[in-house]
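Participant: give me coordinates for this.
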Amino acid sequence: MNNNFIKILIIIAGLVSLSKGILNALDFSHDFQYSPAVMAWQNTNHYDYILNGGQRGNLQDPIMLSQNGEYGHGLFILMYPFTLLDWSAAKKFWLAINVLLSIAIPFYLSKKKGLSKELIFLSIFLFLASTPARNVIGNGQLSFLILIALLLPFFYKGKVAIVLSGFSYLKYNTGYLLFLYFFAKKNYKKIIYSSLIFTLGWIIYSYITNTNLIESLYQPLKVTFYIKTTSELIYGFSFLNFFFTNNYQSINIIIIALSIIFSLIFVNMIKNIDDVFLKISLFCLIILIFSPHRMYDYILLFPLMINSLENFKISKIKIINLFLIFYIFYGLRLIKVFGADIDNDLIINSTNILVFFLLFIINYLAYNFQKNKIKKIYD
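Facilitator: Alright, predicted model coming up:
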């Protein structure tokens, strides 16, 4: 097949996918956390409202659509500018930001990796064509911003970058690993700086909603388990739920504890890797393995894809990477065509976890093999 023809297909696929994402966002944007932010700035604790069984789901309800507000307090403080707009204008404004980021992220990462202009161009359209990127845009998700926040400390060492990286903590099933990474590196000052957004957001939210600070601190996690949007997904040690079905709350505490412990073990394995892109790629894979995620969070595979696009023809590992990543990015969409619920299907999600684990193992082992090989040459 002609190379130019393949490039044209990739461009068309990217444009079609982007258009679909935009149309979905205009119709839905159901995950854009607009209504909880409005409630907060009207001095109402949306966590309390949900935990007490308040009406939600319809556009006429205080909590609209899927905007359940299961995020850190700071998100709803930072969203203040959106609360000055009506729902229609706010979601269009957020859509514009997400579309801009969907192009900026692959452009920046490809440029940072030193890919050729042609590969930079193609990487943008490969990203736009992926199901995770389309879902972020269509759902009105904030996963693009979370990814940017996670990457900041790996590329920039200044205090501002570290403070801004703490935005990722507001989505704790993703940002938790950055906290563990700083802890593993014994960068305690970075833990303090990166916690500023979370801490100030928690204090300000508690103040404007007149909520006790201690009670407020645990409410985001309580809401997550109450509405069960991600806590029942397949991830890490969640298979334990199948053996202890009668004690849901206690076993989930054990699952979370095991996820944190093994995340820390894995992050210790990669903390001193000198290849920045590989470290970022493995870092993102740990998040995907050990915490619950829906399809839109699979954009965390993109750094590994960029890392694998460089001279991938001369590396079997990179070809395997691309094959497995393309399965997640594009293959799952084909499976959905046949009626499968790719977010909740047990077999599909278990397979995804195995894919993430396999990607981690082969890339980690390949790095260490190459490192030891070079060491032997010089020794």
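Participant: mind listing what Ser195 touches?
Facilitator: Gly166, Tyr169, Phe179 (C-beta atoms under 8 Å, 6 or more residues apart in numbering). Bear in mind the C-beta positions are built from the backbone N, C-alpha and C, glycine included.
Participant: next one: phi and psi at the last one?
Facilitator: Spelled out, that is Phe179. Torsion angles at Phe179 (phi, psi; degrees, to the nearest 10) stand at phi -60, psi -50.
Participant: circling back to that earlier point, most neighbours out of the contacts of Ser195, which is it?
Facilitator: Neighbour counts for the contacts of Ser195, by other C-beta atoms under 10 Å, peak at Gly166, which reaches 28 neighbours.
Participant: pretty sure it is touching Ile192, no?
Facilitator: No - applying C-beta atoms under 8 Å, one finds Gly166 not in contact with Ile192, separated by 9.8 Å.
Participant: rewinding a little: now flag whichever of the contacts of Ser195 is closest to Ile146.
Facilitator: The nearest member of these to Ile146, counting by C-beta to C-beta, is Tyr169 at 9.6 Å.
Participant: with pLDDT added, can I get the contacts of Ser195 in JSON lines?
Facilitator: Below are these laid out as JSON lines (pLDDT from 0 to 100):
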{"residue": "Gly166", "pLDDT": "98"}
{"residue": "Tyr169", "pLDDT": "98"}
{"residue": "Phe179", "pLDDT": "98"}
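Participant: count of neighbours near the residue lying closest to Asp297 once chain neighbours are set aside?
Facilitator: Excluding its sequence neighbours, the residue lying closest to Asp297 (C-beta to C-beta, 6 or more residues apart in numbering) is Ser143, at 5.6 Å. By other C-beta under 10 Å, 26 other residues sit near Ser143.
Participant: can you check Ser250 too?
Facilitator: By other C-beta under 10 Å, 10 other residues sit near Ser250.
Participant: that one: which element?
Facilitator: Under the criterion of DSSP states H and E, Ser250 resides in helix 248-270.
Participant: for the following helix or strand past that helix, packing partners?
Facilitator: Later in the chain than helix 248-270, the nearest helix or strand by DSSP H and E is helix 276-290. In terms of contacts (3 or more C-beta pairs under 8 Å, 6 or more residues apart in numbering; DSSP states H and E), helix 276-290 is packed against helix 143-155, helix 172-184, helix 248-270, helix 302-309, helix 346-378.
Participant: what's in contact with helix 276-290?
Facilitator: 112-113, 150-151, 154-155, 173-174, 177, 181, 235-237, 259-260, 262-263, 266-267, 270-271, 273, 293, 297-298, 300-301, 303-304, 306-307, 352-353, 356-357, 359-360, 363-364, 367.
Participant: just the buried ones among those residues, please.
Facilitator: Neighbour counting by 16 or more other C-beta atoms under 10 Å classes 113, 150-151, 154, 173-174, 177, 181, 235-237, 259-260, 263, 266-267, 270-271, 273, 293, 297-298, 300-301, 303-304, 306-307, 352-353, 356-357, 359-360, 363-364, 367 among the contacts of helix 276-290 as buried.
Participant: any figure for the gap between the nearest residue to Tyr188 once chain neighbours are set aside and Phe125?
Facilitator: Nearest residue to Tyr188, sequence neighbours excluded (C-beta to C-beta, 6+ apart): Phe182, at 7.6 Å. Using C-beta to C-beta, to the nearest Å, Phe182 is found at 35 Å from Phe125.
Participant: check Phe277 too.
Facilitator: To Phe125, Phe277 is 20 Å away according to C-beta to C-beta.
Participant: now do Arg333
Facilitator: Note on Arg333: its distance to Phe125, by C-beta to C-beta, is 16 Å.
Participant: ok, the residue nearest to Asp297 - contacts?
Facilitator: Pro132, Val136, Lys171, Thr174, Tyr296, Asp297, Ile299.
Participant: one step back: out of Arg333 and Phe125, which sits in the busier spot?
Facilitator: Remark: of Arg333 and Phe125, Phe125 carries more neighbours, 21 against 18, as counted by other C-beta under 10 Å.
Participant: for that one, which non-adjacent residue is closest in space?
Facilitator: Gly14 (3.2 Å).
Participant: let me see the mean pLDDT of the helix or strand harbouring the one you found.
Facilitator: Assigned by DSSP H and E, Gly14 belongs to helix 3-27. Taken as a whole, helix 3-27 carries a mean pLDDT of 95.
Participant: by contact count, what packs against it?
Facilitator: Contacts defined by 3+ C-beta pairs under 8 Å, 6+ apart place helix 3-27 against helix 87-113, helix 117-129, helix 131-139.
Participant: could you identify which of those is most buried?
Facilitator: Ranked by mean neighbour count, those are led by helix 131-139 with a mean of 25 (mean count of other C-beta atoms under 10 Å).
Participant: for the helices and strands packed on helix 276-290, please prepare TSV with the additional fields distance to Ile328.
Facilitator: As requested, the helices and strands packed on helix 276-290 are exported to TSV (distance: least, C-beta to C-beta, whole Å):
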stretch	distance to Ile328
helix 143-155	14
helix 172-184	17
helix 248-270	19
helix 302-309	10
helix 346-378	6
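Participant: now the weakest link among those helices, please, by mean pLDDT.
Facilitator: Across the helices and strands packed on helix 276-290, the lowest-scoring stretch is helix 346-378, with a mean of 87.
Participant: that helix vs helix 302-309, what angle?
Facilitator: 50 degrees (axes from the mean of the first three to the mean of the last three C-alpha atoms, to 10 degrees).
Participant: pick out the residue nearest the middle of this protein.
Facilitator: In the chain, the residue lying closest to the centroid (C-alpha atoms, centre = their mean) is Asp297, at 3.8 Å.
Participant: and stretch 323-336, which residues are buried?
Facilitator: Quick answer for stretch 323-336 (16+ other C-beta under 10 Å): Leu324, Ile325, Ile328, Phe329, Leu332, Arg333, Lys336.
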